[in-house]
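1. What follows is a protein structure lacking sequence information:
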């Protein structure tokens, strides 16, 4: 508890009840209660890094709802990097509140936490902030499910922190795509209805993306050499190695330039700038942070040698964000527009259809803007709904609503009568789950068909370029999960 107490202030209530975890305290005094170091119940306050809740009066309403009267989950994202996704993840909770429904007809509330690097909070790195927040959630709150993290590297350290703390919630990530995460919760051969995994995601693993990039550069662009500038960690290193294997399997050569931090990024970009167009006619940039992708564009645009003016600049799905091509000359940004014709990248195929349109309309009405500004907003919306569906299955069919019980529910959403994600399809899901019957879900991000062995989904990859007006992205091709690409 020492680590957690550095984040929050605990004050014992007048009532003294012995405890060995937060459950008895939440059942007795309310969801803002926990078990203190002295073995008695007390109350906790939100860390500064968890500034909001849904509903907003979750911890101030009197009397406090008790465990079983409200189910509390959490979102854990970088509120700066993942602002669009965090907003999208809140929408299902708003929908349920407005419709006065919830899993087992119990309201669902959420604590929204951020692991962004910001002096407004502290001097912690993203990773260290995520570890402290995971410790707080594991010890004091113990939510059955969390939505996030969005980054593969952060998802990896958070999952490990939860396990070290002795409580691992069901984790549903919108965009942690590292292939290494498939087995973070155990070998696929061990997963079953009785023993489901606790790490799920609405995005498909990076294997298909690596194949798609390799086939596009080697086949469509007819280039045989690529310099890969990749962030350290599960996403950057994993995707870089997967691409290298796929690309060199086709007959090309890929050289990796790993970086960790802004100084190292600038140094690696400078190194690649020294390579002429025969040595590196294409540069593949891999980072889960849009701020780093923007930095790369700015550094490349500022390069006095003009080395990047003729190179293909390829970005992965982490950069499929309107902020990549936004710049402010008054704030000191370099004008990168001369590089825009060279830029292309990958992202999930942008969703279409009634479910996505309904989600986008909700997003516009609640937050303004358009959900398509980021590639992962629909996945974040679906991720929260998956957490809710898992909890509903547990409420209808299990002895308790815990992480394993909720995860068991996610093995029941890929086969049966087709229904749609969202508040209007929720009653259909509840009716099916009430009779222990599975459903076939269609989400805002597309179909949500999970393999029962790997507990992973698969999806095609879209290829994009910057449009001619320089203010958005155009689809220029699509690649199947096996990497075979087609072009209009």
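-> Looks like it came in fine. Please read these numbers as outputs of a predicted model, since none were measured by experiment. Numbers count the residues shown, from 1 in each chain.

2. Would you indicate which residues of the biggest helix by length in the chain are buried?
-> In the chain, taking DSSP state H as the definition, the longest helix is helix 377-397. Using 16 or more other CB atoms under 10 Å as the test for burial, helix 377-397 gives 377-396. Heads up, the C-betas are built off the backbone N, CA and C, glycines and all.

3. for the closest residue in space to residue 140 that isn't next to it in sequence, helix, strand, or coil?
-> Spatial nearest neighbour of residue 140, excluding adjacent residues (CB to CB, 6 or more residues apart in numbering): residue 34 at 4.2 Å. Counting by DSSP: H, G, I helix; E, B strand; the rest coil, the backbone at residue 34 sits in strand.

4. and residue 34, what does it touch?
-> Shown in contact with residue 34 (CB atoms under 8 Å, 6 or more residues apart in numbering): 10, 22, 25, 26, 41, 42, 43, 44, 139, 140, 141.

5. Can you tell me the closest non-neighbouring residue to residue 125?
-> Looking at residue 125 with CB to CB, 6+ apart, the closest residue is residue 117, at 6.2 Å.

6. Could you check the pLDDT of the one you found?
-> With respect to pLDDT, residue 117 scores 95.

7. quick one: which helix or strand includes it?
-> Using DSSP states H and E, residue 117 sits within no helix or strand.

8. Touching, it and residue 126? I think so.
-> Yes. Using CB atoms under 8 Å, residue 117 is in contact with residue 126, at 5.5 Å.

9. quick one on the thing from earlier: report the distance from the longest helix of the chain to the chain centre.
-> 14 Å (CA atoms, centre = their mean, to the nearest Å).

10. Equivalent analysis for stretch 44-53, please.
-> With CA atoms, centre = their mean as the basis, stretch 44-53 stands 20 Å off its chain's centre.

11. what residues does that stretch touch?
-> So stretch 44-53 is in contact with 7-10, 32-34, 59, 74, 109-115, 121-122, 129, 132-133, 136, 140-141, going by CB under 8 Å, 6+ apart.

12. Mind listing what's buried along it?
-> Neighbour-count burial for stretch 44-53, counted by 16+ other CB under 10 Å, picks out 44, 46, 47, 49, 50, 52, 53.

13. Any stretches of the stretch 1-150 of the chain with poor pLDDT?
-> 1-15 (pLDDT under 70).

14. just the strands in it please.
-> Residue ranges of the strands in the stretch 1-150 of the chain, as given by DSSP state E, counting those that start in this stretch, are 33-35, 41-43, 52-54, 71-77, 108-114, 145-147.

15. Quick check: buried residues in the second one?
-> This means strand 41-43. 41, 42, 43.

16. Check the average confidence over the longest helix of the chain, would you?
-> Per-residue scores along helix 377-397 average to 97.

17. and the angle for whichever helix or strand comes after it with strand 71-77?
-> Note on helix 377-397: by DSSP H and E, the next helix or strand toward the C-terminus is helix 403-410. Angle of helix 403-410 versus strand 71-77, following axes from the mean of the first three to the mean of the last three CA atoms, to 10 degrees, is 80 degrees.

18. what does helix 403-410 contact?
-> 144-145, 168-170, 172, 193, 196-198, 200, 386-387, 389-394, 397-399, 433, 450, 455.

19. Rebuild the contacts of residue 34 as CSV, extending it with distance to residue 338.
-> CSV is the format used below for these (distance: CB to CB, whole Å):
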residue, distance to residue 338
10, 56
22, 57
25, 61
26, 58
41, 63
42, 60
43, 58
44, 53
139, 52
140, 52
141, 50
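
20. Could I get the contacting residues of the residue nearest to the spatial centre of the chain?
-> With distances taken as CA atoms, centre = their mean, the chain has residue 150 as the residue nearest its mean C-alpha position (2.4 Å). Applying CB under 8 Å, 6+ apart to residue 150 gives the contacts 77, 78, 81, 82, 85, 173, 174, 175, 176, 288, 376, 380.
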